[in-house]
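*Asks:* kindly generate the corresponding structure for this input.
(2 chains)
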Amino acid sequence: MGTQGYLLTVITFLPLFSVGAVLLLRSDDQIWIRRIALAASLAEFAVSLLLLRGFDSANPEYQFVERHAWIGESIQYHLGVDGISLFLVLLTTFLTPIAILCSWESIHENVKGFFVALLLIETAMIGVFVSLDLFLFFVFWELTLIPMYFMIGMWGHDRRIYAAVKFILYTMFGSILMLVAIVWLYGKAGTFDFPDILALMQSGQLVFPPTTELLMFGAFFLAFAIKVPLFPLHTWLPDAHTEAPTAGSVILAGVMLKLGTYGILRFCLPLFPEAAHRMAQPIAVLAIIGIVYGALVATVQTDLKRLVAYTSVSHLGFVVLGIFAFNTVAIQGAIFQMLSHGVSTGALFLGVGMLYDRRHTFEIKQYGGLATPMPVLMSFFLFISLSSLALPPLNGFVGEFLILIGTFQTHHAWASWASSGAVLSAIYLLWAYQRVALGEVTVEKNKTLPDASTRERIILATVAVAILFLGIASPLFTRRMEVSVNNVLEQTSGSRNASRPVVAPTAPGVAATIPHRALPAVAELQVRP
Amino acid sequence: MLLLNHLWIILALPLAGAAINGLLGKRWPQSTVNSVAIGSVVLSFLAAAETVREFLGLAAAQIPFIGNYFTWMVAGEATPHPFRVDFALQVDQLTVVMLLVVTFVGMLIHIYSTGYMAHEGGYYRFFSYLNLFMFFMLTLVMGANLIVMFVGWEGVGLCSYLLIGFWFLKKSAADAGKKAFIVTRIGDFGFTVGILLVFATFGTVAFGEIFSQVADKPVDVLTTICLLLFAGAIGKSAQLPLYVWLPDAMEGPTPVSALIHAATMVTAGVYMVARMNPLFSRAPAAMLVVAIVGAVTAFYSATIGLVQTDIKKVLAYSTVSQLGYMFLACGVGAYSAGIFHLMTHAFFKGLLFLAAGSVIHAMGGEQDMMKMGGLRKKIPATYWTMFIATLAIAGIPGFAGFFSKDAILEAAYSGPYANLLLWGLGVAGAGLTSFYMFRLIFLTFFGEPRYDEHAVHVHESTKNMTIPLMVLAFLSIFGGWFAAPKLVGGIDYFEKFVAPVFAAYAPASGAVSPVATEVPASPAMDLLHALTGWPVIVGVLGLLVAWWFYIKRPDTPKRLAQSVHGLYTLLLNKYYVDEIYAALIVRPLLWISTNVLWHVVDEGLIDGTVNGTATVARGSGAQARKLQSGNTRSYAAWVILGAVGFTAILFGLLGVAR
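*Replies:* Just a heads-up that it's a prediction; the model follows:
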């Protein structure tokens, strides 16, 4: 684990630093507040691209590692990225300038506070992705909630207070359980350091009795599953998405939901491998229910933004399914799907937001025939919809297909059920598109709506290029993920073997031949250290 | 080897045309849009022709010739089951046929469209979509693995969606586009799972690598794969029970119906089954299913065609029916006959649609044949070309359709997978085909005009429309003659050309090639046999009955309709299949999604639980409020209290605190 400067610290805290700059400006100097925020986020994106240059895709270890004592001995400032978090960081830095640009004209009240919140969220989200110390991770994790709570509650739409409170209570509930589990882990391991804890597990010094492991897994998983959100923990999402301002929805759908799937992959699997395997079946079933359920409920929505919100339940179901297939291809697909969903669904919210800016309503009935007054905006909307409904060779297809093909290797039925999601997504997106864009203009006001402005065209063209690029050049992404994914899979099976020192105290390779069904009984006999 | 080494050029040309017109065409005059659109397709055809010329010089060992361009998807490279998809294109004999048909017919229809669409808005948009369609269709037929093929497959579906809904101001057009996409996607669900099973079974998606392992795989797995893939074909090629989108697709401009919904895209399913023949040939049960679906569809949709009055709807049901023949051919192992029919059908059905478009154009947009009549003299070029196409589809000896349909029915009758019942359906369908096609001709071009001659100024179409008609008419006659020598004991050149594709991986035991193995008694007897066989008899019979019904005794149809009123209504309403689907699938699904999933599960059960918890919390909060009033702070307090409480409980419960 070589130290490569302070790049991650810079990337993590540059937005926070820019918050300082924004705070120095006068509150009514809206133009400069916007400009500084945009410039800062663009600089952030540029700096984050440096990660790609230095990243070694053959290295299974964390890279750009920074490690310093922070609070006492046991809490460290420990950062690093691997092939799993690398692109999630880039996704964050890519979407933030877009979120800022899309709020350019739609936010009028307390502009300063809004951009401060947005930049704070960026720091917090990146912090979540790069933290390797569980305490640090938790701090960033909680830090994402507060600015988002205010963003929904202060700049949101009509039912914003209800949505904000629901959002914070739902996620807090999960967070508390996770905090308990983290503290408990510390109690067992004597450290908050994630790689150290894994090393202790590998060496057999840290062993969890099965029931305890299951409880701890549950505590972590619940926090992450609420965030994803996994059916049936999803009902905060339609409200939060619908009520949030456009930038909030873009960030929520684009990045925040991935904090959950990232957490599952990063922490739940390696820390509690046995429990993860034991719970794989029920979790996969919930994921598949989510895929179908989210799609069906999306189909019948009368509110366009709510419709898009429900599609996330469906698409994130694919990600969870891919993770619990315990298969390299499926997990690579799952990570790719996280990126892909971030761009596509973020883009759908951008489109919906642009309609809202013009008409101040999300009701589908209020639209119709928009392709006539605004052909450019509607063409982009169709293109984004196509990417979301997984039309090859666009990005959505690559992610979904990798998940399906990987999952199918081990679980024919799971993948087959999940495949039906492709039919359903075509139904809800094309139907929605028809009701919004096609036919005669039915509402008089809509006849004179202006087409996409230059600013909007820049935003939409940027995401369209990203969609095409992700779709066609997918190996550039998946190849950088593979080693890390294999690493996680190895940890997920390796530490399972190490938890049975009776059979093979230090030779996981030998132990690997014993079928894992026999494990719980054996592990039950362990004396806790 | 100039172009063979750069196969991508054939695809890139129409893609470039689509991009250029799509991005810049809005500001350009029609002539510039034309040059880009036609130019790219003509060049693509020339590139394809040159490729074929070079291909013919290849040794057998070099076929299929594969060009590998870049790695498109890759995952799990270091694992025992790496997944890797290259963007690779290939040329073999089957591709050659498809390549020439697609680029040549596509080119003609592009030219025709410059006349047909001349007065329409969104001219550049139309040609951009049409070029994009060419790109995806060529990707489909040239893809060297299932995934690249699937890219083309979904892409043509997209273009079909865009072009059916081209006049998107009309709700029916937008509906039809959406229906086409969704119904074919239902089939694609099977196709997708089929691809998954292929990869799980063979560890690859490349055609050559799949085929070389096919002999070692168990029959039941192959059968499952074939049935899943065939589900995709059923959707794309509009077979029972997923054919319902194709008649509606006639909402699109007529050149689109000709190109996409007759000559090329809808035949993709047939192409796919033929492409995957090494698998199908080893899965007799799957082949039987293919044959049954094909034969039943061929007959079934022909019956609906009998009573339709919209000229394009007749042709649409006819297309469904003819596609059924192609599947029947594949199902009885006569792949080359199926592809042969695919080719001749592209000529004569493409022509029928273009001619119908010319009629509609001449009639000022009228599509109801009951409001036509007597057009023969007024639009002679359209009449003659359409008449030739009708002779071809009716299987009148000498015309293209005769050779291809005869080959199919012969294989169904005496081939290795012969099935007399299916043959009977095919023959009956052929009779119906002949009847409804001549009915169309007689209603449109013969008799007295049934329209207001003062209001409608019937005029022949312009040259750019009639010349493509004539070229296709020529092909509708001579396009089948590759097979003609066989009638006098010679060789079917078409079959001989494509045979390697179907023989290379054929199972050793079963005879897959439909080549009649027995030596004919004498060439003359053979000819006589073919000319007096059932397909010809029913074809002529259909003609005569149509003549009796619509020329000799024009009151017969009405009387017949009255005497078998129930049957007539059933056919007129297309067996009420759309209504049945709506009642059994669409409406229940929407109702359940709205009233059960959304309102009960989401808002009732889940949110009810959440809000219930909140109510309890609020109740106790009301008590707490007496002590503390600031609500943000009280939330924070509760959160901390909760955290401490949870920690205490968990730690106490587990006894793990140190």
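*Asks:* point out where the chain drops to low pLDDT.
*Replies:* Reading this off chain A. A:1-4, A:494-529 (pLDDT under 70).
*Asks:* sorry, should have said chain B
*Replies:* Residues of chain B that meet the cut-off, pLDDT under 70, sit at B:1, B:509-532, B:613-658.
*Asks:* near chain A, which residues of the stretch 1-150 of chain B show up?
*Replies:* Neighbours of chain A within the stretch 1-150 of chain B, by C-beta under 8 Å from any C-beta of the partner chain: B:71-79, B:81, B:83, B:147, B:150. From N, CA and C alone the C-beta is placed, and that goes for glycine too.
*Asks:* inside helices: which ones of those?
*Replies:* Those of the residues of the stretch 1-150 of chain B next to chain A mapping onto helices are B:Ile147, B:Phe150, per DSSP state H.
*Asks:* ok, how many other residues are close to the residue nearest to A:Ala334 when sequence neighbours are not counted?
*Replies:* With C-beta to C-beta, 6 or more residues apart in numbering or on different chains as the criterion, A:Ala334 has its nearest non-adjacent residue at 3.2 Å, and that residue is A:Gly322. Look at A:Gly322: counted by other C-beta atoms under 10 Å in any protein chain shown, it has 34 neighbours.
*Asks:* surely A:Gly322 meets A:Glu400?
*Replies:* No: contact between A:Gly322 and A:Glu400 fails when scored by C-beta atoms under 8 Å: they sit 9.0 Å apart.
*Asks:* quick revisit: adding neighbour count, write the residues of the stretch 1-150 of chain B next to chain A out as CSV.
*Replies:* Putting these into CSV (neighbours: other C-beta atoms under 10 Å in any protein chain shown) gives the following:
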residue, neighbour count
B:Thr71, 17
B:Trp72, 22
B:Met73, 27
B:Val74, 19
B:Ala75, 32
B:Gly76, 25
B:Glu77, 18
B:Ala78, 10
B:Thr79, 17
B:His81, 15
B:Phe83, 26
B:Ile147, 26
B:Phe150, 25
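*Asks:* and the residues of the stretch 1-150 of chain B next to chain A, which two are furthest apart?
*Replies:* Using C-beta to C-beta, the residues of the stretch 1-150 of chain B next to chain A span at most 25.6 Å, a distance reached by B:Ala78 and B:Phe150.
*Asks:* surely A:Arg359 meets A:Gly368?
*Replies:* No: contact criterion C-beta under 8 Å: A:Arg359 and A:Gly368 do not qualify, at 11.4 Å.
*Asks:* okay, and the common contacts of those two?
*Replies:* Common neighbours of A:Arg359 and A:Gly368 (criterion: C-beta atoms under 8 Å, 6 or more residues apart in numbering or on different chains): A:Asn446.
*Asks:* okay, these two: which has more neighbours?
*Replies:* Each of A:Arg359 and A:Gly368 has its neighbours counted (other C-beta under 10 Å); A:Gly368 has more, 20 against 16.
*Asks:* Three-state assignment for that one, please.
*Replies:* State at A:Gly368, reduced to three classes by DSSP: H, G, I helix; E, B strand; the rest coil: coil.
*Asks:* next, give phi and psi for it.
*Replies:* Main-chain dihedrals, A:Gly368, degrees, to the nearest 10: phi 120, psi 130.
*Asks:* just the strands in the chain please.
*Replies:* No chain was given, so I picked chain A. Assigned by DSSP state E, the strands in chain A fall at A:63-71, A:75-81.
*Asks:* let me rephrase: I mean chain B.
*Replies:* Under DSSP E, chain B gives strands at B:65-75, B:83-91.
*Asks:* between the last one and strand B:65-75, how many degrees?
*Replies:* For the pair strand B:83-91 and strand B:65-75, the angle between their directions (axes from the mean of the first three to the mean of the last three C-alpha atoms, to 10 degrees) equals 160 degrees.
*Asks:* for strand B:83-91, which helices and strands make contact with it?
*Replies:* In terms of contacts (3 or more C-beta pairs under 8 Å, 6 or more residues apart in numbering or on different chains; DSSP states H and E), strand B:83-91 is packed against helix A:395-410, strand B:65-75, helix B:123-142, helix B:146-164.
*Asks:* ends of stretch A:21-39, what's the gap?
*Replies:* Length of stretch A:21-39, first residue to last, C-alpha to C-alpha, to the nearest Å: 11 Å.
*Asks:* okay, buried residues for it please.
*Replies:* For stretch A:21-39, the neighbour count (16 or more other C-beta atoms under 10 Å in any protein chain shown) marks A:Val22, A:Leu25, A:Gln30, A:Ile33, A:Arg34, A:Ile36, A:Ala37, A:Leu38 as buried.
*Asks:* biggest separation within these, which pair?
*Replies:* A:Leu25 and A:Leu38 (13.3 Å).
*Asks:* picking that back up, what touches both of A:Gly322 and A:Glu400?
*Replies:* Taking C-beta under 8 Å, 6+ apart as the contact rule, A:Gly322 and A:Glu400 both touch A:Gly333, A:Gln337.
*Asks:* in chain B, which residue is most central in space?
*Replies:* In chain B, the C-alpha nearest the mean C-alpha coordinate belongs to B:Val266, at 1.6 Å (C-alpha atoms, centre = their mean).
*Asks:* spell out which parts of the stretch 301-450 of chain A neighbour chain B.
*Replies:* Listed as neighbours of chain B in the stretch 301-450 of chain A under the rule C-beta under 8 Å from any C-beta: A:301, A:327-329, A:332-333, A:369, A:371-372, A:386, A:391-393, A:397-398, A:401-402, A:404-406, A:408-409, A:412, A:415-416, A:419-420, A:422-423, A:426-427, A:430-431, A:434, A:437-440.
*Asks:* what parts of the stretch 451-600 of chain B come near chain A?
*Replies:* Within the stretch 451-600 of chain B, the positions adjacent to chain A are B:Leu589, B:Leu590, B:Ile592, B:Ser593, B:Thr594, B:Leu597, B:Trp598 by C-beta under 8 Å from any C-beta.
*Asks:* and if we set it to 6 Å?
*Replies:* B:Leu590, B:Ser593, B:Thr594, B:Leu597, B:Trp598 (C-beta under 6 Å from any C-beta of the partner chain).
*Asks:* would you agree B:Thr382 is in contact with B:Ile360?
*Replies:* No: between B:Thr382 and B:Ile360 there is no contact under C-beta atoms under 6 Å: 10.3 Å.
*Asks:* higher neighbour count, those two?
*Replies:* Taking other C-beta under 10 Å, B:Thr382 and B:Ile360 do not tie; B:Thr382 has more neighbours (26 against 17).
*Asks:* residues in contact with the nearest residue to the more buried one once chain neighbours are set aside?
*Replies:* Among residues not flanking B:Thr382 along the chain, B:Ser358 sits closest, at 4.3 Å (C-beta to C-beta, 6+ apart). By C-beta atoms under 6 Å, 6 or more residues apart in numbering or on different chains, the contact set of B:Ser358 is B:Thr382, B:Ser461, B:Met465.
*Asks:* among the residues of the stretch 451-600 of chain B next to chain A, which ones are buried?
*Replies:* Neighbour counting over those (16+ other C-beta under 10 Å) leaves B:Ser593, B:Thr594, B:Leu597, B:Trp598 as the buried ones.
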